[in-house]
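Engineer: with the sequence up front, the predicted model follows.
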Amino acid sequence: MKKILVLLICGFLSYGVTAQEKVIIGAWETVTTAENGEKLRKVLIFAEDYQVSTTYDATMGKFIHSNGGTWKLEGDTMIKKVEFDTDHPEHVGTEVSLGVVIADNEIEIKDSDIKWNRIDHGEPGKLQGAWLMSGRIREGKTQVRDTSRPRKTMKVLSGTRFQWIAYNTETKQFMGSGGGTYTTENGEYTENIEFFSRDDSKAGLSLKFNYKLIEGQWHHSGLSSKGDPIHEIWSVRE
């Protein structure tokens, strides 16, 4: 009887943590005003185990800052391990702990005035999650990429938001990022770019691609922002 009771209690506690983590999955935002009057939009995307936070000019789309990596909850403490940070590359590989208050539509960072408001719950887009580029198809030949290497291209998606990031956890180098909103309809994946670190002029562009999920891999094909044909393969990040 005691063993059954212990198992029930453990099961209940595990469910509680899982449920709390599920509440966080999706996209969140906060809007602030800089000293020069610029309206800054900060978007935070949580997928299972991985997250990315980015700040950009809400009007012009100028990229300002991004950081991200892994995350987990321990009670009301969020522990994040940094994999990239555009302002502080020296933080890569370190852990950051934050006290958080989580509600269905708001996340508050304790001991600060920072509050994040929900954008979505991880729906309706069909590609929600964290993905790593794992290959390309060129001239009919598949080129496989080792996703365990330090040099990574990761894409994190909620139900309506996307962001890709190219970085190296060994050298702590950040190579670029872009993001905005997306839709998945009838085999067509559309990105509406709101910021692009390498070229601010790309903000406002909409790019349409074909997408298929084949044996758990996301096949992404069409024309890049430069107009070059691409066929990328993305794998769910474990």
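Structural biologist: Arrived safely. Numbers count the residues shown, from 1 in each chain.

Engineer: immediately after the helix or strand bottoming out on mean pLDDT in the chain, which helix or strand?
Structural biologist: Lowest mean confidence among the helices and strands of the chain (mean pLDDT, DSSP states H and E): helix 2-24, at a mean of 51. Once the chain leaves helix 2-24, the next helix or strand it forms, by DSSP states H and E, is strand 26-33.

Engineer: given that next one, what are its sheet partners and their directions?
Structural biologist: strand 39-46 (antiparallel), strand 115-120 (antiparallel) (DSSP bridges).

Engineer: report the buried residues of it.
Structural biologist: 26-28, 30 (16 or more other Cβ atoms under 10 Å). C-beta here means a position set from N, CA and C on the backbone, and glycine is covered the same way.

Engineer: ditto for stretch 202-216
Structural biologist: 202-203, 205, 207, 209, 211.

Engineer: out of those residues, name the ones that lie in strands.
Structural biologist: When these are checked against strands (DSSP state E), the matches are 207, 209, 211.

Engineer: low-confidence stretches in the protein?
Structural biologist: 1-18 (pLDDT under 70).

Engineer: quick revisit: can you put the buried residues of strand 26-33 in TSV and add distance to T171?
Structural biologist: Converted to TSV, the buried residues of strand 26-33 look like this (distance: Cβ to Cβ, whole Å):
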residue	distance to T171
G26	32
A27	29
W28	30
T30	31
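
Engineer: what helix or strand is the most centrally placed residue in the chain on?
Structural biologist: Centrality entry for the chain: nearest residue to the mean C-alpha point is V156, 3.1 Å, by Cα atoms, centre = their mean. For V156, the host element (DSSP H and E) is strand 151-157.

Engineer: from the contact counts, what lies against the next helix or strand after that strand?
Structural biologist: Note on strand 151-157: by DSSP H and E, the next helix or strand toward the C-terminus is strand 161-168. Applying 3 or more Cβ pairs under 8 Å, 6 or more residues apart in numbering; DSSP states H and E, one finds that strand 161-168 makes contact with strand 39-46, strand 50-57, strand 63-74, strand 77-85, strand 151-157, strand 173-185.

Engineer: which residues are contacting strand 161-168?
Structural biologist: 27, 43, 45, 52, 54, 66, 68, 83-84, 119-120, 127, 150-157, 173-182, 191 (Cβ atoms under 8 Å, 6 or more residues apart in numbering).

Engineer: redo that, cut-off 7 Å
Structural biologist: Residues outside strand 161-168 that contact it (Cβ atoms under 7 Å, 6 or more residues apart in numbering) are 27, 43, 45, 52, 54, 66, 68, 83-84, 119, 150-156, 173-182, 191.

Engineer: can you tell me the helix or strand for N192?
Structural biologist: Using DSSP H and E, N192 falls in strand 188-196.

Engineer: now that strand, how far from the chain's geometric center?
Structural biologist: 14 Å (Cα atoms, centre = their mean, to the nearest Å).

Engineer: what angle separates it from strand 39-46?
Structural biologist: 130 degrees (axes from the mean of the first three to the mean of the last three Cα atoms, to 10 degrees).

Engineer: hey, C-alpha coordinates of strand 188-196 in PDB?
Structural biologist: Only the C-alpha atoms of strand 188-196 are listed here, as PDB (Å, rounded to 0.1, in the frame of the first residue of the first chain):
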ATOM      1  CA  GLU A 188       3.300  25.200 -48.500                       C
ATOM      2  CA  TYR A 189       5.500  26.800 -45.900                       C
ATOM      3  CA  THR A 190       5.500  30.600 -45.900                       C
ATOM      4  CA  GLU A 191       8.000  32.800 -44.000                       C
ATOM      5  CA  ASN A 192       7.100  36.400 -43.300                       C
ATOM      6  CA  ILE A 193      10.500  38.000 -42.400                       C
ATOM      7  CA  GLU A 194      10.500  40.600 -39.600                       C
ATOM      8  CA  PHE A 195      14.200  40.700 -39.000                       C
ATOM      9  CA  PHE A 196      17.400  39.400 -40.700                       C
END
